[in-house]
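[1] please work out how this folds:
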Amino acid sequence: MTEAKGDERSTWSRAFGVISAVGPPLTVATALLFYFGWARADAQAAYMGLNVSLFGYSVQDYLLISINALFVPLVSILVLAVVWLALDRWLRRCIAEDRGRSVIVRAAGIAALLSGLLVGISLLLAIVERARAALYTPYLMALGVLVATWCVHLRRLGRDGTRPALTTEQRAVETTLVLSIVTLLLFWGTADFAQALGRRLAVDYEQGVQFMPRAEVYSPTPLGIGSAAVTEVNVGTTDAALYRYDGLRLLVLSGGRFFFLHDGWTPQNGTVIVLPDDNSVRIEFRR
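    Sure thing, here's the model as predicted:
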């Protein structure tokens, strides 16, 4: 009976270990994707003179918005993670087989010190010279924290016989603090990168508005669109009034509303026209 209970506990321990190892990374990755999508859409809308809440984006929309821009960074991170795992296994095997143990311990100590200095200098520059700090500075700090922690672990492993090992509680506290710092730095970097990308996309709209789908809006009542670039043409009859509006370009359909720009639109001197997606108007699209 005791052995059965022991096996059951071991099974549950392994299950919880897998959940704790897989769950947090997936949660953090999902949160980063959502936050990136929201920050990008918010900066883009603000540059256009709008509020992001007007678009009515859902959580799924924010996730989809972020994926295209994060393909290259995510693939790069995964490739670096695979390389890091291979290097970590090789160094641990060398330490276990006592092949160059002292060299690895010294190199790990120097690398941990340099990584710590890099994090400190980057943080100081980001605080003092916020406007001039590079977009990748928070990611560089996150990498420095991870490398420093890894090097400390290698150094500790190489000197395992000379110092007392950390308790389970101490390791849990250390891991929690490191992951918290890295997560905050990732959100910081994500915010800066997403806002820069959102502003750039708004500028791209100004330069490429002529390539957006052309729209013609038909309405039985005057819409009173206040942009000089949008022309109103009465195409109805005395029995059935009908007004056509030309010069519109489709921006996006979201939240049950059409968002249009107009020919010659700029963030400084442009108007965003919002119409409901219902039977009150008829919209025709063409190139």
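[2] how about residue 227: what's its closest non-neighbour residue?
    Leaving aside its chain neighbours, residue 227 sits nearest to residue 271 (4.3 Å; criterion: Cβ to Cβ, 6 or more residues apart in numbering). Yep, even glycine has a C-beta here, placed from its N, CA and C like the rest.
[3] ok, the one you found touching residue 265?
    Yes - using Cβ atoms under 8 Å, residue 271 is in contact with residue 265, at 7.5 Å.
[4] who's more crowded, those two?
    For residue 271 versus residue 265, the count of surrounding residues by other Cβ atoms under 10 Å is larger for residue 265: 25 against 16.
[5] break this protein into its domains for me.
    What automatic domain parsing lists as the domains of the chain is 2-208, 212-286.
[6] for those domains, which has the smallest mean pLDDT value?
    Among the domains of the chain, domain 2-208 has the lowest mean pLDDT, at a mean of 79.
[7] starting at the chain centroid, how far to that one?
    12 Å (Cα atoms, centre = their mean, to the nearest Å).
[8] all numbers from here: first residue = 22
    Yep, numbering from 22; the last one is domain 23-229 now.
[9] packing partners of the helix or strand where residue 103 lies?
    Element membership for residue 103, per DSSP states H and E: helix 80-117. Applying 3 or more Cβ pairs under 8 Å, 6 or more residues apart in numbering; DSSP states H and E, one finds that helix 80-117 contacts helix 23-68, helix 122-149, helix 158-179, helix 189-229.
[10] next, the buried residues of it.
    By neighbour count with 16 or more other Cβ atoms under 10 Å, helix 80-117 contains the buried residues 82-84, 86-87, 90-91, 112, 115-116.
[11] ok, now which ones touch the spatially most central residue of the chain?
    Centroid-nearest residue in the chain: residue 57, 3.0 Å away (criterion: Cα atoms, centre = their mean). Shown in contact with residue 57 (Cβ atoms under 8 Å, 6 or more residues apart in numbering): 87, 90-91, 211, 214-215.
[12] let's see 10 Å
    Applying Cβ atoms under 10 Å, 6 or more residues apart in numbering, we find residue 57 in contact with 83-84, 86-88, 90-91, 94, 207-208, 210-212, 214-216, 218-219.
[13] who's in contact with the closest residue to it other than its chain neighbours?
    Leaving out its chain neighbours, the residue that sits closest to residue 57 by Cβ to Cβ, 6+ apart is residue 87, at 4.1 Å. Contact partners of residue 87, counting by Cβ under 10 Å, 6+ apart, are 53-62, 211, 215, 218.
[14] repeat that for residue 294.
    Contacts for residue 294 (Cβ under 10 Å, 6+ apart) come out as 236, 238, 244, 246-248, 251, 266, 268-270, 272, 279-283, 286.
[15] look up how far residue 134 lies from it.
    59 Å (Cβ to Cβ, to the nearest Å).
[16] cool, and residue 196?
    From residue 196 to residue 134 the distance is 21 Å (Cβ to Cβ).
[17] what's the burial count for residue 214?
    Counted with other Cβ under 10 Å, the neighbours of residue 214 add up to 20.
[18] that one contacts residue 220, correct?
    No - with contacts counted by Cβ atoms under 10 Å, residue 214 stays clear of residue 220, the gap being 11.2 Å.
[19] intersection of neighbour lists for those two?
    Both residue 214 and residue 220 are in contact with residue 61, where contact means Cβ under 10 Å, 6+ apart.
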